[in-house]
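Enquirer: Sequence first, then the predicted structure:
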Amino acid sequence: MSSPSASLAVWASSWLAGFSAPDNVIDSMAEWAPMHLAVAGDQETALETGLPWPSPRDEGVAGLLTLVRAQVPSDRTNPAIELLLPHPGATSNVSPKSPFGRLAIQTGEAVLVGDPETRGLGLVPTVEGPDVLRWTVFSIVLPPRAMRDFTLGEAEYAMREAVRGAAEALGSLQSLPTRTELGDPRTRIAAELADLGRHRYPSEMSDRALRVLESADRVAAILSVAQHSSPTEPATALGAAAREDLIRPLWAAVRKARAIALSTSIESRAPGR
């Protein structure tokens, strides 16, 4: 799993669809941090949700699930949860002018709870320390679904192409003289994948969605190693721009594939579908 937001989105969706127990969600989130704080993003949200403001409180994951359940009726078959992975230049329908949008873009992740284009919740995690995650909750009008023009099949194809592109990017960057103390790239890629692999997915996820997510993890691991390679020669402005142009579209493909795989995998297997 790539982020706390991804874990919350997929496991809360599984719980709402009747596949997982609350303890499964709590256990999956404990892999990110044993303590989860919650705070309202503003006074209006505090009044609507009962969350503290402006100081956070230790609500735990159980408290987050209470918020989610209050927002999503128990008779729904569609869990109504979406993962967002915004970033500067591609904000996925998130307004960079709103407090929620600014924080989501800054952290690169968020979870939306509720129906698109109605009032719902936006949750953004931030690291408070080695063992603490803070979830800032906003009551907002939810944006339209960001990924509905991109299918799981298209994501699978895009990831096959991205694996090749990432390998080529790493190869081109390795042609530069680099500091030897960084270690062998293959070992570093394996370590990145092992870190991602310690976060489990619900068992009911489709095989295709898992293939997409595994491919996205591999591309992300290669790109992370490539980006953090340190040339021994100072990079020119032109060289740095070329490096960014090479890697940026591959990261965009990873974010898009992860979002569509996680948003459709539970929804497509919800009871009654």
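Expert: That came through fine. Numbering: from 1, shown residues only.

Enquirer: what residues does the helix or strand where Val163 lies touch?
Expert: Using DSSP states H and E, the element containing Val163 is helix 152-174. Outside helix 152-174, the residues that touch it by Cβ atoms under 8 Å, 6 or more residues apart in numbering are 185, 206, 208-209, 211-212, 215-216, 218-219, 222-223, 225-226, 229, 243, 246-247, 249-250, 253-254, 256-257, 260-261, 264. The C-beta positions use only the backbone N, C-alpha and C, and glycine is treated the same way.

Enquirer: Return the members of those residues classed as buried.
Expert: For the contacts of helix 152-174, a neighbour count by 16 or more other Cβ atoms under 10 Å gives the buried set as 185, 208-209, 211-212, 215-216, 218-219, 222-223, 225-226, 229, 243, 246-247, 250, 253-254, 256-257, 260-261, 264.

Enquirer: follow-up on the earlier one: which element follows the helix holding Val163 toward the C-terminus?
Expert: That would be, after helix 152-174 and using DSSP H and E, helix 185-197.

Enquirer: Point out the other elements, helices or strands, that that next one touches.
Expert: Packed against helix 185-197 by the contact rule (3 or more Cβ pairs under 8 Å, 6 or more residues apart in numbering; DSSP states H and E) you find helix 207-227.

Enquirer: Please state the offset of the helix it packs on from the chain centre?
Expert: Its chain's average C-alpha position is 13 Å from that of helix 207-227, according to Cα atoms, centre = their mean, to the nearest Å.

Enquirer: going forward can the numbers begin at 54, since that is how I track them
Expert: In the new count, where the first residue is 54, that last one comes out as helix 260-280.

Enquirer: CA-only coordinates of it in CSV, if you can.
Expert: Provided in CSV are the C-alpha atoms of helix 260-280 (Å, rounded to 0.1, in the frame of the first residue of the first chain):
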residue,chain,number,x,y,z
ASP,A,260,-6.8,-9.9,-9.5
ARG,A,261,-6.6,-7.2,-12.2
ALA,A,262,-6.6,-4.4,-9.6
LEU,A,263,-3.9,-6.2,-7.6
ARG,A,264,-1.8,-6.5,-10.8
VAL,A,265,-2.2,-2.8,-11.5
LEU,A,266,-1.2,-1.9,-7.9
GLU,A,267,1.8,-4.2,-7.9
SER,A,268,3.0,-2.7,-11.2
ALA,A,269,2.5,0.8,-9.8
ASP,A,270,4.5,-0.1,-6.8
ARG,A,271,7.3,-1.4,-8.9
VAL,A,272,7.4,1.7,-11.1
ALA,A,273,7.3,3.9,-8.0
ALA,A,274,10.2,2.0,-6.4
ILE,A,275,12.3,2.4,-9.6
LEU,A,276,11.4,6.1,-9.8
SER,A,277,12.2,6.7,-6.2
VAL,A,278,15.6,5.2,-6.5
ALA,A,279,16.2,7.1,-9.8
GLN,A,280,15.2,10.4,-8.3
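
Enquirer: for the record, mean pLDDT for it?
Expert: Averaged over helix 260-280, pLDDT sits at 86.

Enquirer: ok, residues contacting that helix?
Expert: 55, 205-206, 208-209, 212-213, 215-216, 218-220, 222-223, 226, 238, 241-242, 245-246, 249-250, 254, 300, 303-304, 306-307, 310-311, 313-315, 317-318.

Enquirer: Flag every buried residue along the strand or helix carrying Leu120.
Expert: Here Leu120 is covered by helix 113-124, with elements defined by DSSP H and E. Buried residues in helix 113-124, counted by 16+ other Cβ under 10 Å: 113-114, 116-121, 124.

Enquirer: Which residue in these has the weakest pLDDT?
Expert: Minimum pLDDT for the buried residues of helix 113-124 is recorded at Gln124 (88).

Enquirer: Need the nearest residue in space to that residue, chain neighbours excluded.
Expert: Counting by Cβ to Cβ, 6 or more residues apart in numbering, Gln124 lies nearest to Val166, which is 4.8 Å off, once chain neighbours are set aside.
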